[in-house]
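Q: My questions are about this predicted structure, shown below with the sequence.
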Amino acid sequence: MNINKMLQVARWEFVERVRTKAFIIGIFITPLIMGVFATLPSILASRSDTKTKTIAVLDQSNMLVADAQVYIDSRYKLDNGKPNFHFEIIPPNTTQEQLQAQYYPRVFNDELIGNLIIPADVFTSRTLEMRSENAGNIQDVNKIERGIQKVLVAKAAEQNGIKADVFEKVSKSIDTKQVKIS
């Protein structure tokens, strides 16, 4: 078979495909759809909350929830000045069955955004458990996680004889200022 004939057939096939309406529409619609799916999540995530979100918290360690509420209240506020999150404290002796019976329906009725469980061994395990209908709400979970981690680390420092204000100074994060040179 001759290479020239193969190239002519390939060219003819290409031109025939390019002339179709489906190809022309696909050439413009595909980038548009990709652009929408790339920008829509960031637009939705950047919307600010308008009302305080309530979370039922079961603190099995009996040490973190009050201080975490204070820290989160001071750090995350709505545009109207109210706190972004409110912790509804679940009694520490609540069983799994009671949690499911009393608090899960409130999540489904949108009274609560979820149930946060702080295990008794949180100082060693460094794990929390957030149970919610919308497991994809990463932004809220990260804010709550940061608040509890801040309090957890401060309490651990205190237990090891380091004063909270000294620890705050030495553990302050570094901010990098980026400057464009030209």
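A: That came in fine, so what should we check first?

Q: Show me what the helix or strand of the chain with the lowest mean pLDDT is packed against.
A: Scoring the helices and strands of the chain by mean pLDDT, DSSP states H and E places helix 164-170 at the bottom, with a mean of 75. With contacts taken as 3 or more Cβ pairs under 8 Å, 6 or more residues apart in numbering; DSSP states H and E, helix 164-170 sits against helix 138-159. C-beta coordinates here come from the backbone N, C-alpha and C atoms, glycine included.

Q: Dump the C-alpha coordinates for the helix it packs on into CSV.
A: This file holds the C-alpha atoms of helix 138-159, laid out as CSV (Å, rounded to 0.1, in the frame of the first residue of the first chain):
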residue,chain,number,x,y,z
ILE,A,138,-14.5,20.2,54.2
GLN,A,139,-14.3,23.9,55.0
ASP,A,140,-16.4,23.7,58.1
VAL,A,141,-14.6,20.6,59.3
ASN,A,142,-11.2,22.2,58.8
LYS,A,143,-12.2,25.3,60.9
ILE,A,144,-13.5,23.2,63.7
GLU,A,145,-10.5,20.8,63.5
ARG,A,146,-8.0,23.8,63.7
GLY,A,147,-9.8,25.2,66.7
ILE,A,148,-9.8,21.9,68.6
GLN,A,149,-6.2,21.3,67.6
LYS,A,150,-5.1,24.7,68.9
VAL,A,151,-6.7,24.0,72.3
LEU,A,152,-5.4,20.4,72.4
VAL,A,153,-1.8,21.5,71.8
ALA,A,154,-2.1,24.3,74.4
LYS,A,155,-3.5,21.8,77.0
ALA,A,156,-0.8,19.3,76.2
ALA,A,157,1.8,22.1,76.6
GLU,A,158,0.3,23.0,80.0
GLN,A,159,0.4,19.4,81.1
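
Q: Let me see the mean pLDDT of it.
A: Across helix 138-159, the average pLDDT comes to 84.

Q: Any regions of the chain where pLDDT drops low?
A: By pLDDT under 70, the low-scoring segments of the chain are 1, 45-46, 135-136, 176, 180, 182.

Q: in the chain, which spans are strands?
A: In the chain, strands defined by DSSP state E lie at 53-59, 85-90, 114-118, 129-131, listed in chain order.

Q: The first one vs strand 114-118, what angle?
A: Yep, that's strand 53-59 we're talking about. 30 degrees (axes from the mean of the first three to the mean of the last three Cα atoms, to 10 degrees).
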